[in-house]
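In: Have a look at this prediction, sequence included:
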Amino acid sequence: MRHSLAAVLCGVLGLWLSGHSVDAASIPNAEFDAGDQSPAGWTLVEGNGRWVDRQMLEVGGDGKDSARWQSEAVALTPGTLYRFEVRARRISGNGVVTAGPEFANHDYSGLGEDWQWLGHVFRVPDGVESARLRVGQWHLDGVAQFDAVRLTPVMPVHLRIDGFTLGEREGVVDGCYRFEWKLTGPGGNYHRAVADATAGFNTSHWCFTSGSYVTYRFGLPGHSLLSGDVAFRINHHMSGKCALDVSRDQRQWHPLTTADETGETEARLPAEVLPANVLFVRLRADGEQPNFQIGQLRLSAKMSGPAPGDMAGGTCFADVEDAGRRLLVEDIAVEPKPGAGGGTILLTVKNPGSQAATATLEPSGAGASAEPTTAHMASGASQVFRVDLPGAKVGENDIRLKLVLDGQPTVALRVPFHVPEYYRTDYGERIESVEGDVPVWWCPATWKVAPRRVLPDAAAPAAVFAAARHDYQAVQVVVRPNRPLAGLTAKASTLRGPGGATIDAEHIKILRVYYHPVRLLTDETSVRDRWPDALPPLDEPIDVAAGENQPLWVLVYVPKDAVPGDYTGEVSLAAEGFRASVPLKLRVWDFTLPERNHLATAYGFRPDLAFEYHQVRTEADRRRVLDMYFQNFAEHRISPYDPVPLDDIRVEFLPEADPPQAKLDFTAFDAAMQRAVETHHFTTYRLPVNGMGGGTYHSRRDPNI
């Protein structure tokens, strides 16, 4: 996966900013502090509520009802994007507060007692030029308050990789273009692939009624879509049908499939529209009085070759903070700098005037280059301004771009972006003694090293780590060549300590840190990239690509009788045209870990998956593989959930006995459990008994099986 900045992104959008901005003045009584007997511009249209202290709107509920305040109509521009924000707090109870324009509501749960800004981005449906804003509650069994709303025009900013523009949940995997959109996240009802839409939106679902439709446009320049599948999911259905159509030109549509119940509907892309440089996919309401919600759309299509490498997109949104004189922003893009937590913003602007003009870009914030850039632009000419982002800090950042035309402020943009923890660069040290075109650095074993992370600035004479006696400890030695490196090998020396004490090289293993492609995000820390995880032994030479990190996991076992103190040794590295020695420094502490574990652990090990992976078939091979896993667990003081998966308590049912009974045989179980406790020192276990049922609340096992 080739990107390192999940949300410093690139976008392609021509937007006349003048006349498209919506500022606080255009929202009636945005601070709720104007009015006589009631807040000017706002009306309580449902449920319980009141105007508090002439500055806050309040709603209350009993946990089963809803309430909302509604504004007068606000002018909007069809098809454009805005960020809606409301400042809110919970006075009592629990439940959901609701906010947003009437066609793009959002539910917010978990609101705290302190004031906080809530917000989301929405796309104005085609044909809609005004809408009312709403704040309220749904099934709140208490009270919530709101004291301000904001509405800001935004520009989408997508990720660009190798010239391809890709939005969130969009990418290329194994030569296939893939799109899988669940309508969650700050983008709400917007995605790069949305061509037009009239359907409403609620939190995470398209809401379809009579006449509603949403059209997506798929394709990557220079490639055709050859074959594939498309699917959508109905999350809620009351009436009518969802029809799925496809087209190459939005003029001739080919009906593909329909659905009239909850669940996923999938279909093959028809030959009539393939191959296609551009493919339009339309979801529309059909049937009598349609009323349903769509929460997911996905498409996978093989691309004409040669296909680009794997890549994954992303999206953030730049706030348009000021739009004065007319200036056309043709393109705002960010090309990420792999592994560095930075990148380059490319801002393309056009002088639409009839005379030449001087344009100046003034960037600020997030470590951006501070020097303004000036360009003389002829009438109708375009200019690309470049702004480097050198190593922005991990977490939330933003950069401001101010455009000045002939000395007068024209456009001000705020581009927010997030640098994931995975791309942190403030750890590790270069090995001072290794010079040349194959730098080597080191870091503790606790860090996940991104494959293209830049070299650390700091330097040190040795890789340093510490361990107790009867303990395993590792340190990472990272090779990052500037040229392709063929046939890398590594060998550890004996460690020599105080008074001639040694830790023999046989107690040192060198493992290769293996990178796995991660495509499905599982939590907020995840990024789509290659992640270090498996640790196969470095038992044969490996090749390392230029500019890529290859961590080596140097794992040392400290014997029980090791003399405490500082030990030194080295790891010898060799490859074609390269040799280096990496000094090691290990401190052995003056205490010994006991044989018995005093920390309870429970590791979710699935022996059946391990057997399948290793393709073992016989009982003897299963036991041999299982013993190797358990030995590794024991070395690292990990206990599996089930330490005797091949030796359960045997149960024989005797229904004909008087009375009927079950006969339990502990022979195999006792022997296996004794080994688990005495040899592996496992501290936790569960006791599944065949025939006694079990499972979970949602998945019970039949005791008769």
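Out: Here it is on my side, so go on.

In: What is the end-to-end distance of stretch 166-181?
Out: Using CA to CA, to the nearest Å, the end-to-end distance of stretch 166-181 comes out at 13 Å.

In: Give the buried residues for that stretch.
Out: Within stretch 166-181, the residues that count as buried by 16 or more other CB atoms under 10 Å are 166-173, 175-179, 181. No exception for glycine: its C-beta is placed from N, CA and C like everyone else's.

In: Tell me the one among those residues nearest to residue 131.
Out: Nearest to residue 131 among the buried residues of stretch 166-181, counting by CB to CB, is residue 181 at 23.5 Å.

In: The closest one against residue 294, yeah?
Out: No: when contacts are counted by CB atoms under 8 Å, residue 181 is not listed as touching residue 294 (10.2 Å).

In: so how many other residues sit close to residue 434?
Out: Each residue near residue 434 was counted by other CB atoms under 10 Å, and the total is 19.

In: Can you name the residues that contact it?
Out: 440, 580, 582 (CB atoms under 8 Å, 6 or more residues apart in numbering).

In: Can you turn the buried part of those into a ChimeraX selection?
Out: Only the buried entries of the contacts of residue 434 go into this ChimeraX selection, using 16+ other CB under 10 Å:
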select :440,580,582
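
In: Any chance of the contacts of residue 434 in a markdown table with distance to residue 60 as columns?
Out: Converted to a markdown table, the contacts of residue 434 look like this (distance: CB to CB, whole Å):
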| residue | distance to residue 60 |
| --- | --- |
| 440 | 64 |
| 580 | 70 |
| 582 | 66 |
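
In: just the contacts of residue 434 now: which is nearest residue 497?
Out: For the contacts of residue 434, the minimum distance to residue 497 (CB to CB) is 18.1 Å, reached by residue 582.

In: Quick one: classify that closest one as helix, strand or coil.
Out: Per DSSP: H, G, I helix; E, B strand; the rest coil, the secondary structure class of residue 582 is strand.

In: could the contacts of residue 434 be laid out in a markdown table, adding distance to residue 450 and pLDDT?
Out: Shown next, in a markdown table, are those (distance: CB to CB, whole Å; pLDDT from 0 to 100):
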| residue | distance to residue 450 | pLDDT |
| --- | --- | --- |
| 440 | 17 | 98 |
| 580 | 22 | 97 |
| 582 | 21 | 98 |
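
In: State the mean pLDDT of whichever helix in the chain runs longest.
Out: Counting residues, the longest helix in the chain under DSSP state H turns out to be helix 619-635. Averaged over helix 619-635, pLDDT sits at 94.

In: by contact count, what packs against the helix or strand just after that helix?
Out: Note on helix 619-635: by DSSP states H and E, the next helix or strand toward the C-terminus is strand 650-654. Here strand 650-654 is seen to pack against strand 661-665, helix 667-678 when contacts are counted using 3 or more CB pairs under 8 Å, 6 or more residues apart in numbering; DSSP states H and E.

In: in its sheet, what does the first one sit against?
Out: Each strand that pairs with strand 661-665, with its direction, by DSSP bridges: strand 650-654 (antiparallel).

In: Going by neighbour count, which residues in the partner strand are buried?
Out: Residues of strand 650-654 classed as buried by neighbour count (16+ other CB under 10 Å): none.

In: Most tightly packed of the helices and strands packed on strand 650-654?
Out: Per-stretch averages of neighbours, counted by mean count of other CB atoms under 10 Å, single out helix 667-678 among the helices and strands packed on strand 650-654, with a mean of 15.

In: That one vs strand 650-654, what angle?
Out: Interaxial angle of helix 667-678 relative to strand 650-654 (axes from the mean of the first three to the mean of the last three CA atoms, to 10 degrees): 150 degrees.

In: Centre of the chain to helix 667-678, how far?
Out: Computed by CA atoms, centre = their mean, to the nearest Å, the separation of helix 667-678 from the middle of its chain amounts to 43 Å.

In: Now tell me what touches it from outside.
Out: For helix 667-678, the surrounding residues in contact (CB under 8 Å, 6+ apart) are 630, 643-644, 646-650, 682, 685.

In: Over to stretch 51-67?
Out: Taking CB under 8 Å, 6+ apart as the rule, stretch 51-67 contacts 31-33, 35, 38-39, 42, 44, 46-50, 68-69, 91, 93, 95, 97-98, 135-147.
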